[in-house]
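Asks: quick one, fold the following:
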Amino acid sequence: MMKSRSFLAAAAVVLPLHLMAQTLPFEGFEVNLSSGVVPMKTTSVFENSPSLTLSRDTTPEVPLIVSAGYTRAIAEQYTLGVSANFDLLPSKKANTTLYSNGKAIPSAGSVQWLDNREGLSLRLGRVFQGSNLGYVRLGQAWASQYGTNNNGSPFNGVRFNYRILGLGVKHFLSPQIYALAEIDNINMPTLQTPKTVGGSSFTVDTRADGYWFIVGVGYQF
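Replies: Below you'll find the predicted structure:
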């Protein structure tokens, strides 16, 4: 009886480790650095002012993102991770031109860019082929908008957020070093920004969506 109890006790300890043997190598704290391209499409519409339209230059983004997080093995093939990220670079400056009945209003244009870009994410992963982890990413990102109007006054900057839904893969090159690749769908809910044109106040509805394609390298502790 004592031997049976000892065997059962040992099995209770060893069994969970055995079941999660595939995912345990992916468990731990991690940091990574990634970059890529961010083809985003931004549209802006003046509320109740069909004569006014706004055009924004398309500027390809090349972010430099540092991320830190933790991944936990939760089952034989599955992991759950959390991470925080920060973009080290502000976005490129984009020119915005305002039109009235199709005619440009030079004094009402502006130059805009984004900074203080950061985010939080959850990642549900699944191990396949030993050294690879595929995952689904669900996150939220924030950014601050800065700029100047053509007359030199500050642009009406705001703080806004994006929703992120993505797919990615991590491939371990060694027990600690890994490479990653990710594609994310980025969607910004409609943002209302006040703007003054010719002494009159208007509200501009702006939204953006697009995809991020990023690759990077990381280290797991």
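Asks: how about the helices of the chain, start to end?
Replies: Shown for the chain, the helices assigned by DSSP state H span residues 2-19.
Asks: quick one: low-confidence ranges for it?
Replies: Across the chain, the ranges flagged by pLDDT under 70 are 1-20, 156.
Asks: cutoff 80 now
Replies: The chain contains residues with pLDDT under 80 at 1-21, 58-61, 108, 130, 151-152, 155-157, 193-200.
Asks: quick one: the strands in it?
Replies: 28-37, 40-46, 52-56, 64-73, 78-87, 94-100, 103-104, 110-128, 132-149, 159-172, 177-197, 200-220 (DSSP state E).
Asks: of those, which approaches Gln22 most closely?
Replies: Checking the strands of the chain against Gln22 by CB to CB gives strand 110-128 as the closest, at 4.7 Å. Glycine gets a C-beta too; all of them are placed from N, C-alpha and C.
Asks: next, the angle from the closest one to strand 132-149.
Replies: 170 degrees (axes from the mean of the first three to the mean of the last three CA atoms, to 10 degrees).
Asks: which secondary structure elements does strand 110-128 contact?
Replies: Under the contact definition 3 or more CB pairs under 8 Å, 6 or more residues apart in numbering; DSSP states H and E, strand 110-128 sits against strand 64-73, strand 78-87, strand 94-100, strand 132-149, strand 159-172.
Asks: and those strands as a markdown table, adding distance to Thr193 and mean neighbour count?
Replies: Output for the helices and strands packed on strand 110-128, formatted as a markdown table (distance: least, CB to CB, whole Å; neighbours: other CB atoms under 10 Å):
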| stretch | distance to Thr193 | mean neighbour count |
| --- | --- | --- |
| strand 64-73 | 26 | 17 |
| strand 78-87 | 21 | 18 |
| strand 94-100 | 11 | 17 |
| strand 132-149 | 8 | 18 |
| strand 159-172 | 9 | 17 |
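Asks: so which of those strands is nearest Ser49?
Replies: strand 94-100 (9.3 Å).
Asks: that closest one: partners in the sheet, and parallel or antiparallel?
Replies: strand 52-56 (antiparallel), strand 103-104 (antiparallel), strand 110-128 (antiparallel) (DSSP bridges).
Asks: quick one: closest of those strands to Val66.
Replies: Nearest to Val66 among the strands paired with strand 94-100 is strand 110-128; the distance by CB to CB comes to 10.1 Å.
Asks: one step back: got the strands paired with strand 94-100 as JSON lines, with mean neighbour count and distance to Asn32 columns?
Replies: Output for the strands paired with strand 94-100, formatted as JSON lines (neighbours: other CB atoms under 10 Å; distance: least, CB to CB, whole Å):
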{"stretch": "strand 52-56", "mean neighbour count": "17", "distance to Asn32": "31"}
{"stretch": "strand 103-104", "mean neighbour count": "10", "distance to Asn32": "44"}
{"stretch": "strand 110-128", "mean neighbour count": "18", "distance to Asn32": "12"}
